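Q: Using only what follows, build the 3D model:
(chains A and B)
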Amino acid sequence: MTTRAPVRSIAALGMATVGIAATAAACAGPQSAPAPSSSPSGASGEITVFAASSLTSVFSTLSEQFDETYPGTDVHFSFAGSTDLVAQLTQGAPADVFAAADETSMAAAVDTGLITGVPAVFAANTLTIVTRPGNPRGIRAFADLARPGVSVVLCAPQVPCGAAGVKLQELTGVTITPASEESSVVGVLGKVLSGEADAGLVYATDAEAAGGKVTVVAIPESGSATNRYPIALLADSRNPDLAERFVELVTGPAGRRICADAGFAVP
Amino acid sequence: MRPGLRADRRVAPGLPAWIYLPALAGTALVVIPLAAILLRIDWAHFIPLISSEASRAALLLSVKTATASTALCVLLGVPMALILARGTFPGLRLVRSLVLLPLVLPPVVGGIALLYAFGRYGLLGRYLEAFDIRIAFTTTAVVLAQTFVSLPFLVVSFEGALRSSGNQYESVAATLGGRPSTVLRTVTLPLVLPGLLSGAVLAFARSLGEFGATLTFAGSLQGVTRTLPLEIYLQRETDPEAAIALSLLLILVAAAIVIASASRRLAGPVRQSR
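A: Numbering: from 1, shown residues only, chains lettered A, B, ... in the order given. Got it, this is the predicted structure:
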């Protein structure tokens, strides 16, 4: 008997949460204009979106737009490395939408049966060189990164940004000897921002986000080493209707505009 | 002896039964994840997984840097602990809190702090740069990061040993005309040698597991700055099996260290009570 008590109280807590959520939804209704007309059947409740770290700012902007279009709904985000997200999803993390920074991660998710439907590519990211403000080492082209005495930081080949870097080196025949191989773009950018490294290879969107704190040197050859970003619905989604609408927003005109503003290439 | 023992039995009321429930839950919280990793190991490929070139380079680097930083901890930490335990000067408590700060600081914060001290444009780093000495991205940076996080472990455990051993013997030695250096060498240090050893073991273990400060301050390059925890973090991206195998390796090393120091700690009181 005593063992049953906690179970009952957890159930009660669950009921209470549902109650609060319902009240909150009811409160939000009248406040925010003609909600029911703009959100037909199914466009209510909440969804969880698992997205690559490089999508953080884009998706945060998009979620504001989503809130305006579908008032009373809630979008929760979990931003992390694409491979980490696949691992979490495989272990049963509850989510409705998955957006990856590369097609390899998405393929892994498809292979393990996590995805329903066909993933859609909504953005692409290319590599670019970032240097300290003013480019004191005079880096003009990709080949300059191989110059002796220039301290360059790359992503490790094991992660998507590093894989793209390897591809670019193969394509151009330039061999870079890095001072460090970081496990994320954030690590590379950090080493350049702090001045430890003279230059680093990051995504165009990260360079854009860093603003004036780095100088960007474009790589004309980088178009051939592009990472494509696919988005897909998860098979275990508890709110597939709302999830579908979020995917529509991302792949639609608004999504493309916001992605382009952030430095992404859009298909 | 006998009456004392009986008295003990009469005084000790035993533990309330309910206390075993949360204690059991706590033990399960620690043991279950470790057991889970054991069950996930691909035993057929365990040896090839941990003996790949990258893994061996990481293990070798970890052992080398942890040894170097432990030596540095002993060299710097022993005098610090001696002063904290025996010294008398104003602001001693403040100094102690400052020295022990890395104990509660997230390692990433330690890494950032080191960067702004020893980095190219850091407080000291900019002067080193003038002499063409660069610390970032070198093995020295790894040792520095490990020493930064491990030093308080050695200081706090050695200071504890010094305090619990008391200073009666030292006073006697001093009364008999022993000079401070002689007393330190022939009386104090031999008395607290076990405490120093367990402090060093603790510092070594902490250095071996250092991750955040190393990643932030030293970078990650095979054979130079990529220690075992950094290698595990990276392997996880592409080869989770290898990451799990390497994790087990670290768990085994940690277990060996804990068991070695625990058995010594257990041996102490038993000998005393007999």
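Q: any idea how far the closest residue to B:Thr139 other than its chain neighbours is from B:Leu61?
A: In space, and not counting its chain neighbours, B:Thr139 is closest to B:Val224: 5.9 Å by CB to CB, 6 or more residues apart in numbering or on different chains. Where C-beta positions appear, they are placed from N, C-alpha and C, glycine not excepted. In this structure, B:Val224 lies at 8 Å from B:Leu61, with CB to CB, to the nearest Å as the measure.
Q: Next: A:Gly255.
A: Taking CB to CB, one finds A:Gly255 at 45 Å from B:Leu61.
Q: cool, and B:Phe217?
A: From B:Phe217 over to B:Leu61 (counting by CB to CB), the distance is 15 Å.
Q: And A:Glu181, by the same measure?
A: 14 Å.
Q: On the three-state scheme, A:Leu201 is what?
A: strand (DSSP: H, G, I helix; E, B strand; the rest coil).
Q: my guess is it meets A:Ile139, correct?
A: No. Assessed by CB atoms under 8 Å, A:Leu201 is found out of contact with A:Ile139, at 11.1 Å.
Q: host element of A:Phe122?
A: For A:Phe122, the host element (DSSP states H and E) is strand A:115-125.
Q: For that strand, which outside residues touch it?
A: For strand A:115-125, contacts defined as CB atoms under 8 Å, 6 or more residues apart in numbering or on different chains pick out A:54, A:58, A:98-99, A:101, A:103, A:106, A:109-110, A:203-205, A:226-235, A:237, A:240, A:247, A:250-251, A:255-256, A:259, A:263-267.
Q: Please list the residues of the stretch 151-274 of chain B that sit near chain A.
A: Within the stretch 151-274 of chain B, the positions adjacent to chain A are B:215-216, B:218-222, B:225-226, B:230, B:233-238, B:240 by CB under 8 Å from any CB of the partner chain.
Q: part of a helix, is A:Thr128?
A: No. Assessed with three-state DSSP, A:Thr128 is strand; it does not lie in a helix.
Q: what's the neighbour count on it?
A: Using other CB atoms under 10 Å in any protein chain shown, A:Thr128 is surrounded by 22 other residues.
Q: Kindly report the same for B:Leu128.
A: A count of neighbours around B:Leu128, defined by other CB under 10 Å, yields 15.
Q: try the one 10 residues further on
A: Each residue near B:Thr138 was counted by other CB under 10 Å, and the total is 17.
Q: Could you do B:Leu248 as well?
A: B:Leu248: 18 surrounding residues under other CB under 10 Å.
Q: ditto for B:Phe158
A: 28.
Q: again, but for A:His76
A: When counting by other CB under 10 Å, one arrives at 12 neighbours for A:His76.
Q: helix, strand or coil for the nearest residue to it once chain neighbours are set aside?
A: In space, A:His76 comes closest to A:Thr48 once its chain neighbours are excluded; the distance is 4.6 Å by CB to CB, 6+ apart. Each residue gets one of three states, and A:Thr48 gets strand by three-state DSSP.
Q: Check A:Glu248 too.
A: Secondary structure of A:Glu248, reduced to three states by three-state DSSP: helix.
Q: Please list all residues in contact with it.
A: A:Glu248 sits next to no residue when contact means CB under 8 Å, 6+ apart.
Q: what does the stretch 51-200 of chain A have sitting close to chain B?
A: A:81, A:83-84, A:87, A:151, A:153, A:156, A:158-159, A:178-183, A:187, A:190-191, A:194-197.
Q: Those residues in strands, which ones?
A: Residues of these located in strands (DSSP state E): A:Val153, A:Ser180, A:Glu181, A:Glu182.
Q: What's the ChimeraX line that selects buried ones from these?
A: Filtering those down to the buried ones (16 or more other CB atoms under 10 Å in any protein chain shown) takes a single ChimeraX command:
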select /A:153,180,181,182
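Q: With distance to B:Leu24 as new columns, can the ones in strands among the residues of the stretch 51-200 of chain A next to chain B be given to me in a markdown table?
A: Formatted as a markdown table, these follow (distance: CB to CB, whole Å):
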| residue | distance to B:Leu24 |
| --- | --- |
| A:Val153 | 48 |
| A:Ser180 | 45 |
| A:Glu181 | 44 |
| A:Glu182 | 42 |
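Q: Just flag the most distant two among the ones in strands among the residues of the stretch 51-200 of chain A next to chain B.
A: Maximum pairwise distance among these (CB to CB): 7.8 Å, between A:Val153 and A:Glu181.
Q: Name the residues contacting each of these two.
A: Residues touching both A:Val153 and A:Glu181 by CB under 8 Å, 6+ apart: B:Gly219.
Q: Work out for me the element A:Pro136 sits within.
A: Taking DSSP H and E as the definition, A:Pro136 sits outside all helices and strands.
Q: circling back: list only buried entries from the residues of the stretch 151-274 of chain B next to chain A.
A: Among these, those scoring as buried are B:215-216, B:218-222, B:225-226, B:230, B:233-237 (criterion: 16+ other CB under 10 Å).
Q: quick one: which of the residues you listed is nearest to chain A?
A: B:Gly219 (2.9 Å; CB to the nearest CB).
Q: hang on, that closest one is in a helix, isn't it?
A: No. Counting by three-state DSSP, B:Gly219 falls outside a helix, being coil.
Q: so it sits right up against A:Val188, yeah?
A: No. With contact defined as CB under 8 Å, B:Gly219 does not count as touching A:Val188 (9.8 Å).
Q: which residues are common contacts for those two?
A: Shared contacts of B:Gly219 and A:Val188 (CB under 8 Å, 6+ apart): A:Val153, A:Glu182.
Q: count of neighbours near the closest residue to B:Val253 other than its chain neighbours?
A: With CB to CB, 6+ apart as the criterion, B:Val253 has its nearest non-adjacent residue at 6.4 Å, and that residue is B:Leu208. Using other CB under 10 Å, B:Leu208 has 23 neighbouring residues.
Q: Please apply the same query to B:Thr88.
A: Using other CB under 10 Å, B:Thr88 is surrounded by 6 other residues.
Q: Next, it: secondary structure please.
A: Judged by three-state DSSP, the three-state class of B:Thr88 is coil.
Q: Look at B:Phe217 and B:Leu61 and report which has more neighbours.
A: Set B:Phe217 next to B:Leu61 and count neighbours by other CB under 10 Å: B:Phe217 wins out with 30 against 22.
Q: ok now do the more buried one, which residues does it touch?
A: Counting by CB under 8 Å, 6+ apart, B:Phe217 makes contact with B:Gly110, B:Gly111, B:Ile112, B:Leu114, B:Leu115, B:Phe118, B:Gly119, B:Ala136, B:Ala141, B:Leu144, B:Ala145.
Q: Mind telling me what element the first one is part of?
A: Pointing back at B:Gly110 there. Take DSSP H and E as the rule and B:Gly110 turns out to sit in helix B:107-118.
Q: buried set for the helix or strand just after that helix?
A: Going down the chain from helix B:107-118, the next helix or strand is helix B:125-130, by DSSP H and E. Going by neighbour count (16+ other CB under 10 Å), the buried part of helix B:125-130 is B:Gly125.
Q: Run the chain-centre distance for helix B:125-130.
A: Offset of helix B:125-130 from its chain centre (CA atoms, centre = their mean, to the nearest Å): 30 Å.
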